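In: quick one, fold the following:
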Amino acid sequence: HGYAYVDLEIADYHVSTDNYTQWNTGWAYRNDGVDIKTCEDTETTNGFNVGWTNQNEWMMYTVNVAQADSYEVSIRCASDVGTSVIQIITDGSISIPNTLISSTGGWQSWETIPLGKIYLSSGIHELRLQIVDGSININYLDFKGMNTGGSEDDYRSKTIHLFQNRPNPVINSTKIEFWV
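Out: Model (predicted):
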């Protein structure tokens, strides 16, 4: 499906100069272009967060949705700059338009920010988190299923966390699957 992310800081590993080139500003987890650091979020974390994001950088996720549903989407993030702007693009179309993210008071001061609702039909989709402007640290995206396909008696809370430094590029897909 192409690229999993765009990081404006790059390194060229095709030429050996015997000099180490830092490509991951956070020096954590791996050195492949996504700036990853140790996460200090006390709510939920896989131990790492993406940081040092810049305007026009993005991360792409391939998800396999087992059951069509509408999802409330939020982001767990931290920032020490005035205002940043992000958006979610699904299958090439903007599904959550520009959303303002205000400073949370520090690069490890985590808040969960609601982004909006999207509908995902069953099947494979590409979700792209786009940094339109500013800079934020990203712990994860949260997708909470609304169970729009069943009756109110069938309602089950369905929540998925897409951590930003996983699955891509380590694993090339994520399967979203629920049983009700």
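
In: which residues are in contact with stretch 102-115?
Out: Residues outside stretch 102-115 that contact it (Cβ atoms under 8 Å, 6 or more residues apart in numbering) are 39-43, 51, 72-83, 86, 88, 96, 99, 101, 137, 139, 142. Placement of C-beta: from N, CA and C, glycine included.

In: inside helices: which ones of these?
Out: Using DSSP state H, no member of these sits in helices.

In: just the buried ones from the residues you listed?
Out: Buried by 16 or more other Cβ atoms under 10 Å: 39-41, 51, 73-79, 86, 88, 96, 99, 101, 137, 139, 142, out of these.

In: so which bits of the helix or strand harbouring M59 are buried?
Out: Assignment of secondary structure by DSSP states H and E places M59 within strand 58-65. Within strand 58-65, the residues scored as buried using 16+ other Cβ under 10 Å are 58-63, 65.

In: output the contacting helices and strands for it.
Out: Contacting strand 58-65 under the criterion 3 or more Cβ pairs under 8 Å, 6 or more residues apart in numbering; DSSP states H and E are the following elements: strand 5-6, strand 123-133, strand 174-176.

In: mean pLDDT for the ones you listed: which is lowest?
Out: Ranked by mean pLDDT, these bottom out at strand 174-176, with a mean of 48.

In: which strand runs longest in the chain?
Out: strand 106-120 (DSSP state E).

In: using PDB, write out every CA atom in it.
Out: Presented in PDB, the C-alpha positions along strand 106-120 are these (Å, rounded to 0.1, in the frame of the first residue of the first chain):
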ATOM      1  CA  GLY A 106       4.000  20.000  28.500                       C
ATOM      2  CA  TRP A 107       5.400  17.300  26.200                       C
ATOM      3  CA  GLN A 108       4.400  14.600  28.700                       C
ATOM      4  CA  SER A 109       1.200  16.200  30.000                       C
ATOM      5  CA  TRP A 110      -1.300  13.900  28.400                       C
ATOM      6  CA  GLU A 111      -4.900  14.600  27.500                       C
ATOM      7  CA  THR A 112      -7.500  12.700  25.500                       C
ATOM      8  CA  ILE A 113      -9.000  15.000  22.800                       C
ATOM      9  CA  PRO A 114     -12.200  14.100  21.000                       C
ATOM     10  CA  LEU A 115     -11.800  14.400  17.200                       C
ATOM     11  CA  GLY A 116     -15.200  13.400  15.800                       C
ATOM     12  CA  LYS A 117     -17.100  10.500  14.400                       C
ATOM     13  CA  ILE A 118     -16.300   8.400  11.300                       C
ATOM     14  CA  TYR A 119     -18.100   5.500   9.700                       C
ATOM     15  CA  LEU A 120     -16.000   2.500   8.600                       C
END
